[in-house]
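**Q** Fold the following for me, if possible:
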Amino acid sequence: MFRFRSIVTRTIALHLVAIVATSILMPLALYLMLNRTALDLQDTALREQADEILGYVELAPDGSLRFNMPGQIAALYSEAYGRYAFAVLDADGKVLFSSLTTKAPITDTASRDDQPVYFTEHRGAAALYGVSLPVQFHGRDLIVQVSQDLAHRDVLIDDIVADFFTRVGWITAPILFLLLVIDVAIIRRTMRPVIAASNLAERIGPLRTDLRLPEAGMPLEVQPLVHAVNQALDRLDEGFRSQREFTADAAHELRTPLAILRTQIDMIADRELARTLRQDVENMTRLVNQLLEMAELETFVIGSGETADLVAVAAEVAAFLAPIALANDKRVAVTGARRPVVVHGNPDMLGRALRNLVENALVHTPPQTTVEIAIDGRGAISVYDRGPGVPPAEREQIFHRFWRRDRRRQGSSGLGLSIVARIAERHGALVSVADRPGGGAAFTLSFPALAGGPEPAPRELAAAK
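**A** Model (predicted):
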């Protein structure tokens, strides 16, 4: 069975089913009623005919019965006319008078409890419908039988009954479909506040936690749901704000102790121990900075006219990380477009995203290899390394917060790539990961390029030294 996700579509579909059923059942019911009425009229006419036939029976002076029917009326009951027939029987079933030349009764169906009995007889190809009516005539029990050939039933009644279903159906169906169109307009007008609330709900997010669904004008059936949703948004907003404030406050409070700890480590005489401790402090500092970045991203808004040059961002990140790469016998290179590639975004935030990608690549690429930052003139920037790559099964998970493939490895918090994903989301960009030809991983940030932006430039390799 089909399940419609839209209330409007579901309501219209159910109305359509109801209309189709009504278009069939209502004419059928009316047809049966009309047919029943026609039969009742026919039964009444037959009883009236039987009473008329009885009126032509007379009591003779000698006490016998005689039949005196005018010739004009007798012609209607003649076998030559073949439309009507009658017979008058006594209580023993003996035929006294009959329009049939055989002087036989029209039917052998006996009356019961002095009530008229309606019957249908088939004689050859003819179908007869009639009544056997018990009567009292001057103290004698008689039975008057009258029949009518169904092939010669009243033409007007036949035409009405035969054409009624199709004629009423053609009238009923358009009226009901017009009612469906009116219902659709009514439903859409009724659902207009719900649709407006749905459009407003799409705008609710980390940057607009103050928005609430309007309860005024909502249908009574929907108001409790809207009220419950608004209350849930209030609770989520409070929890979201508390979590954001706690993360930011904790990160800020940790910076000062880490700075003091770094100074005290520099005073340790054992240089090997000092080096190990300094590395641990650097890892903690990086984690604190990433937590601050995550907290900052929750309220970060890009200006409507703010732009960033991907080429300049890439060059700045490469220059910043080049010393770290060289210290570990690795290199950073910028390739691709030479002219500015302008996108809508914040240069500082894009620099943080690219720096996280390059730092991640430097961790995984082996010594004596190059991490390449490739800029596409159509509005994309990629980071290539020669590491082990990312298995397809993990390519969705690596962008989740605190996800790490090897939790025993020191120095990784699992926040770097989640920061990249969040910055990309803020910029309307798409971040993806794929295998690099020849081995390694390829992380790509694809931005919607600005209209009228610069043309793609030839590729250029600039090694950071």
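**Q** drop to CA atoms for contacts and neighbour counts, all remaining ones
**A** Will do.
**Q** where does the stretch 51-200 of the chain have low pLDDT?
**A** Per-residue confidence for the stretch 51-200 of the chain (pLDDT under 70) gives these ranges: 110-113, 152-170.
**Q** Give me the buried positions along stretch 88-107.
**A** Residues 88-90, 95-99, 104-107 are the ones in stretch 88-107 that count as buried (16 or more other C-alpha atoms under 10 Å).
**Q** can you check stretch 321-332 too?
**A** The neighbour-count criterion (16+ other C-alpha under 10 Å) identifies 321-323, 325, 330-332 as the buried residues of stretch 321-332.
**Q** Among those, which lie within helices?
**A** Among the buried residues of stretch 321-332, the members falling in helices are 321-323, 325 (criterion: DSSP state H).
**Q** can you redo those as TSV with distance to Leu213 and pLDDT?
**A** Putting these into TSV (distance: C-alpha to C-alpha, whole Å; pLDDT from 0 to 100) gives the following:
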residue	distance to Leu213	pLDDT
Leu321	47	92
Ala322	50	92
Pro323	52	91
Ala325	51	92
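**Q** Could you dump these into JSON lines and include distance to Pro437?
**A** Below are these laid out as JSON lines (distance: C-alpha to C-alpha, whole Å):
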{"residue": "Leu321", "distance to Pro437": "24"}
{"residue": "Ala322", "distance to Pro437": "24"}
{"residue": "Pro323", "distance to Pro437": "27"}
{"residue": "Ala325", "distance to Pro437": "22"}
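**Q** I'd like the next helix or strand past the helix or strand that contains Arg286.
**A** For Arg286, the element it lies in under DSSP states H and E is helix 271-297. Stepping forward along the backbone from helix 271-297, the first helix or strand reached (DSSP H and E) is strand 307-309.
**Q** Quick check, pLDDT for Val371.
**A** We have a pLDDT of 93 for Val371.
**Q** May I have the beta-bridge partners of it?
**A** Each beta-bridge partner of Val371 is listed here, defined by DSSP bridges: Val332.
**Q** distance of it from Ser432?
**A** Val371 is 17 Å from Ser432, where distance means C-alpha to C-alpha, to the nearest Å.
**Q** sorry, back to before: who are the neighbours of the helix holding Arg286, in terms of helices and strands?
**A** helix 223-266, helix 416-426 (3 or more C-alpha pairs under 8 Å, 6 or more residues apart in numbering; DSSP states H and E).
**Q** just checking, which of those helices sits deepest inside the structure?
**A** Across these, averaging neighbours per residue (mean count of other C-alpha atoms under 10 Å) puts helix 416-426 on top, at a mean of 21.
**Q** Give me the mean pLDDT for it.
**A** Rounded to a whole number, the mean pLDDT of helix 416-426 is 84.
**Q** Following element in sequence after it, please.
**A** Towards the C-terminus, the helix or strand next in line after helix 416-426, according to DSSP H and E, is strand 430-435.
**Q** report the longest helix in the chain, please.
**A** With DSSP H as the criterion, the chain gives helix 7-55 as its longest helix.
**Q** now it, how far from the centre of its chain.
**A** Centre-to-centre, helix 7-55 and its host chain are 39 Å apart (C-alpha atoms, centre = their mean, to the nearest Å).
**Q** Going toward the C-terminus from that helix, what's the next helix or strand?
**A** Stepping forward along the backbone from helix 7-55, the first helix or strand reached (DSSP H and E) is strand 57-59.
**Q** what's the distance between Ile175 and Ala13?
**A** Distance, Ile175 to Ala13, using C-alpha to C-alpha: 17 Å.
**Q** Now do the spatially most distant residue from the centre of the chain against Val88, distance only.
**A** What lies farthest from the middle of the chain is Asp62; by C-alpha atoms, centre = their mean that is 91.2 Å. Counting by C-alpha to C-alpha, the separation of Asp62 from Val88 is 19 Å.
**Q** Neighbouring strands - and their directions - for the longest strand along the chain?
**A** The residue-count maximum for a strand in the chain (DSSP state E) belongs to strand 126-137. Each strand that pairs with strand 126-137, with its direction, by DSSP bridges: strand 117-123 (antiparallel), strand 140-149 (antiparallel).
**Q** which residues are contacting it?
**A** Strand 126-137 is touched from outside by 43, 46-47, 50, 109-111, 114-122, 141-151, with contacts defined as C-alpha atoms under 8 Å, 6 or more residues apart in numbering.
**Q** CA atoms only: put that strand into PDB for me.
**A** Coordinates of the C-alpha atoms in strand 126-137 are reproduced here as PDB (Å, rounded to 0.1, in the frame of the first residue of the first chain):
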ATOM      1  CA  ALA A 126     -41.500 -14.300 -23.900                       C
ATOM      2  CA  ALA A 127     -41.100 -13.300 -20.300                       C
ATOM      3  CA  LEU A 128     -44.300 -12.600 -18.400                       C
ATOM      4  CA  TYR A 129     -44.600 -10.700 -15.200                       C
ATOM      5  CA  GLY A 130     -47.900 -10.600 -13.400                       C
ATOM      6  CA  VAL A 131     -50.000 -10.800 -10.200                       C
ATOM      7  CA  SER A 132     -52.400 -13.500  -8.800                       C
ATOM      8  CA  LEU A 133     -54.900 -11.500  -6.700                       C
ATOM      9  CA  PRO A 134     -57.400 -13.300  -4.400                       C
ATOM     10  CA  VAL A 135     -60.700 -11.500  -4.200                       C
ATOM     11  CA  GLN A 136     -64.300 -11.800  -2.800                       C
ATOM     12  CA  PHE A 137     -67.100 -11.500  -5.200                       C
END
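**Q** Relative to the whole chain's centre, how far out is that strand?
**A** Mean-position distance between strand 126-137 and its chain equals 64 Å (C-alpha atoms, centre = their mean).
**Q** Over to stretch 320-336?
**A** 52 Å.
**Q** Only alpha carbons, please: show that stretch as PDB.
**A** Extracted C-alpha coordinates of stretch 320-336, given in PDB (Å, rounded to 0.1, in the frame of the first residue of the first chain):
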ATOM      1  CA  PHE A 320      53.600  28.700   8.000                       C
ATOM      2  CA  LEU A 321      54.000  24.900   7.900                       C
ATOM      3  CA  ALA A 322      57.100  24.700   5.800                       C
ATOM      4  CA  PRO A 323      59.500  24.800   8.800                       C
ATOM      5  CA  ILE A 324      57.600  22.100  10.600                       C
ATOM      6  CA  ALA A 325      57.600  19.900   7.400                       C
ATOM      7  CA  LEU A 326      61.300  20.400   6.800                       C
ATOM      8  CA  ALA A 327      62.100  19.600  10.500                       C
ATOM      9  CA  ASN A 328      60.500  16.200   9.800                       C
ATOM     10  CA  ASP A 329      62.300  15.700   6.400                       C
ATOM     11  CA  LYS A 330      59.100  16.500   4.500                       C
ATOM     12  CA  ARG A 331      58.100  19.200   2.100                       C
ATOM     13  CA  VAL A 332      55.000  21.300   1.300                       C
ATOM     14  CA  ALA A 333      54.300  22.500  -2.200                       C
ATOM     15  CA  VAL A 334      51.600  24.700  -3.800                       C
ATOM     16  CA  THR A 335      50.500  23.900  -7.300                       C
ATOM     17  CA  GLY A 336      47.700  24.900  -9.700                       C
END
